[in-house]
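Engineer: Provided below for reference: sequence and predicted model.
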Amino acid sequence: MNLEEVNQLALTRRKSLPEFNTYSIGELNQMPAYWGWVNCSTGISDFRMFLGGADDGIAQRFLWNGCFKKTTLKLWASYAKKYGGLILDIGAHTGSFTLAALSANRSATVAAFEPHFMNYARLNLNLRVNELPTNNAFMLAIGKRDETLPFTFNTGLDYLSTGGSVVVPQNAQTYPVQAVALDNFITDNSQSAVKLVKLCIIGNEPACLAGMSSILKKSKPVIFFECTDAKTGREMQAILASHGYNFFEVAEMEGSITKVEVIEPRLDSQGGILEFRKNRIATMESSVIS
C-alpha cells in the first residue's frame, strides 16, 4: 500500500472507535500506522502534532483516544489563557503543553525545556507548523544546579520517549546532557513574571524545585505535575507546603478535581499506577479555576 492508503486505513479504523476512549499505549500500538499531522484539541485551544507511524505516544493518544490528559490539559490551557505571563514547560517532550498554552494565549511566553535531542527536534517541528515561536525552546534539563547529568531512556532512537530521566535507572541508554537551575537561567527581573509551571521529569522534580526556590518565593506560580512515586511525592510536598501551596488531584476522564492533603500515587488493586489519576496541581488558591 502507498502512504495515502495506509493513512486511509488508519482513519477508517479511527471512525469505528468512540470519540473519547481509554485504550492503553500498548493497545494503540496495535492500531494501523498513521503518518502525518494530527489535529489536537484541549477544549480551549487547538493545534497540530506530527505522528510518524507510531513514534510519539502523545500524538497517538490525540489521534486514537481523542485526547491527552483530557482534564489536565484543558485546565492548563485555561490558566495560560487567563494569566499569560511567563510559562515554564519543564520536560516538554514533543510540545503538547507548550502548544496548548501558546494556542490558548499567543501573547504569553512559554519557555520549553527538553533535554532529549529527538524529542527536541519534534518539539521544534510542531511549533513551526503551528506558526509558533521556537526561540524559547531549549535543549536543556532542569535541576538543582548548573551541571552535566546522565540522561537515560529505555526506548530506541526511533521512538520519542516520554520515559527519559536524569534519575538514572538500570539497563538503559545513557548520554550526558546539560542541566541548569531555573533561578540561574531566568533573570531576576523575569522571575516574578512566572505564572504557570509544568513538571514532567520523572523523579527529578524535587531537585528542580530546589533550583527554583527564588522563583517560588517571588511569583508562587501554579504548578502542574505527575505523581507516580511516593518518595518523590513526599519530597515535593515538603518543599511546596513550606511555600503555602494547596494540592489537588485530577481525575482525567471523569473531569473532577479534588483537594488532597498528601501527594501520593493512586494505585490499582495490583499496585500499578492508575494512568488517568496521575496528575496533580499545586496552587496558593483554595480551589482551581474552572
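Structural biologist: Thanks, I have it.
Engineer: what's around the closest residue in space to Leu17 that isn't next to it in sequence, how many residues?
Structural biologist: In space, and not counting its chain neighbours, Leu17 is closest to Trp64: 7.0 Å by C-beta to C-beta, 6 or more residues apart in numbering. C-beta: built from backbone N, CA, C; applies to glycine. Residues lying near Trp64 (other C-beta atoms under 10 Å) number 24.
Engineer: so who does Trp64 touch?
Structural biologist: The contact partners of Trp64, taken as C-beta atoms under 8 Å, 6 or more residues apart in numbering, are Arg14, Leu17, Asn21, Tyr23, Leu28, Met31.
Engineer: now which of those would you call buried?
Structural biologist: Neighbour counting over the contacts of Trp64 (16 or more other C-beta atoms under 10 Å) leaves Tyr23, Leu28, Met31 as the buried ones.
Engineer: rounded mean pLDDT for stretch 140-148, please.
Structural biologist: The pLDDT scores in stretch 140-148 average 96.
Engineer: so how far is that stretch off the chain centroid?
Structural biologist: 18 Å (C-alpha atoms, centre = their mean, to the nearest Å).
Engineer: gap between the two ends of that stretch?
Structural biologist: Taking C-alpha to C-alpha, to the nearest Å, stretch 140-148 runs 10 Å from one end to the other.
Engineer: quick one: low-confidence ranges for the chain?
Structural biologist: Residues of the chain that meet the criterion pLDDT under 70 lie in 155-159, 161-171, 290.
Engineer: swap the cut-off to 80 and go again
Structural biologist: Residues of the chain meeting the criterion pLDDT under 80: 153-172, 290.
Engineer: which residues of it fall in strands?
Structural biologist: Secondary structure of the chain, counting by DSSP state E: strands at 34-41, 46-53, 86-90, 109-113, 137-138, 141-142, 147-153, 173-180, 194-199, 222-226, 246-251, 256-260, 279-283.
Engineer: rewinding a little: how about the buried ones among the contacts of Trp64 in a markdown table, adding distance to Leu9?
Structural biologist: Formatted as a markdown table, the buried ones among the contacts of Trp64 follow (distance: C-beta to C-beta, whole Å):
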| residue | distance to Leu9 |
| --- | --- |
| Tyr23 | 17 |
| Leu28 | 15 |
| Met31 | 10 |
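Engineer: between those, which is closest to Gly143?
Structural biologist: Leu28 (32.0 Å; C-beta to C-beta).
Engineer: I'd like to know how far that closest one sits from Phe20.
Structural biologist: 14 Å (C-beta to C-beta, to the nearest Å).
Engineer: intersection of neighbour lists for these two?
Structural biologist: Common contacts of Leu28 and Phe20 (C-beta under 8 Å, 6+ apart): Asn65.
Engineer: that older thread, next step: the contacts of Trp64 restricted to helices.
Structural biologist: If you go by DSSP state H, these have Arg14, Leu28 in helices.
Engineer: pull the number of nearby residues for Ser256.
Structural biologist: Quick note: Ser256 (other C-beta under 10 Å) scores 11 neighbours.
Engineer: which residues touch it?
Structural biologist: The neighbourhood of Ser256, defined by C-beta under 8 Å, 6+ apart, consists of Thr71, Val250.
Engineer: that one bridge partners, please.
Structural biologist: Ala251 (DSSP bridges).
Engineer: any idea how far it is from Gly233?
Structural biologist: Here Ser256 is placed at a distance of 20 Å from Gly233 (C-beta to C-beta).
Engineer: and what of Cys200?
Structural biologist: 14 Å.
Engineer: in stretch 102-112, what counts as buried?
Structural biologist: By 16+ other C-beta under 10 Å, the buried positions in stretch 102-112 come out as Leu102, Ser103, Ala104, Asn105, Ala108, Thr109, Val110, Ala111, Ala112.
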